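Enquirer: Could you look at this predicted model? Sequence included:
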Amino acid sequence: QREYDNAVTPRAINALKVWYKRFHELVEFQEIYGHCNVRQKYKLNPALGIWVNKQRCLRENLSVEKRTALENINFDWGT
């Protein structure tokens, strides 16, 4: 919620909406498959696979809220 409060431009707000949309897709994936290791070329949702890989690359630059959300669902950082 705090990130939404700090997002002042339409672009920033849209980026947050997309992030949380992908996050919820990842939660659904995890509920089905029992893990968060989405292949980068996941045929059923290619954007989710790319997003998961991007989160791993951005780990140190993600906000505390985003890192915590991912860690709460046992996100595999691949380290």
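Expert: Here it is on my side, so go on.

Enquirer: Quick check: end-to-end length of stretch 57-77?
Expert: 9 Å (Cα to Cα, to the nearest Å).

Enquirer: got the contact list for the biggest helix by length in the chain?
Expert: In the chain, taking DSSP state H as the definition, the longest helix is helix 10-33. If you take Cβ atoms under 8 Å, 6 or more residues apart in numbering as the criterion, helix 10-33 is touched by 3-4, 7, 36, 38, 45, 47-48, 51-52, 66, 69-70, 73-75. Backbone N, C-alpha and C define where each C-beta goes, glycine included.

Enquirer: right, and R39 touches L48 too?
Expert: No - using Cβ atoms under 8 Å, R39 is not in contact with L48, being 9.5 Å away.

Enquirer: Neighbour count: the two, which is higher?
Expert: Taking other Cβ atoms under 10 Å, R39 and L48 do not tie; L48 has more neighbours (20 against 11).

Enquirer: From Y42, how far off is that one?
Expert: L48 sits 6 Å away from Y42, going by Cβ to Cβ, to the nearest Å.

Enquirer: And the contacts of helix 10-33, which of them are buried?
Expert: Neighbour-count burial (16 or more other Cβ atoms under 10 Å) applied to the contacts of helix 10-33 gives E3, C36, V38, L48, W51, V52, K66, A69, L70, F75.

Enquirer: So what would you say the end-to-end distance of stretch 55-65 is?
Expert: Start-to-end span of stretch 55-65 (Cα to Cα) is 13 Å.

Enquirer: Make 15 the first number, not 1, from now on.
Expert: All set: I'll call the first residue 15, so the last point we hit is now stretch 69-79.

Enquirer: Can you give the distance of that stretch from its chain's centre?
Expert: In terms of Cα atoms, centre = their mean, to the nearest Å, the centre of stretch 69-79 is found 9 Å from the chain centre.
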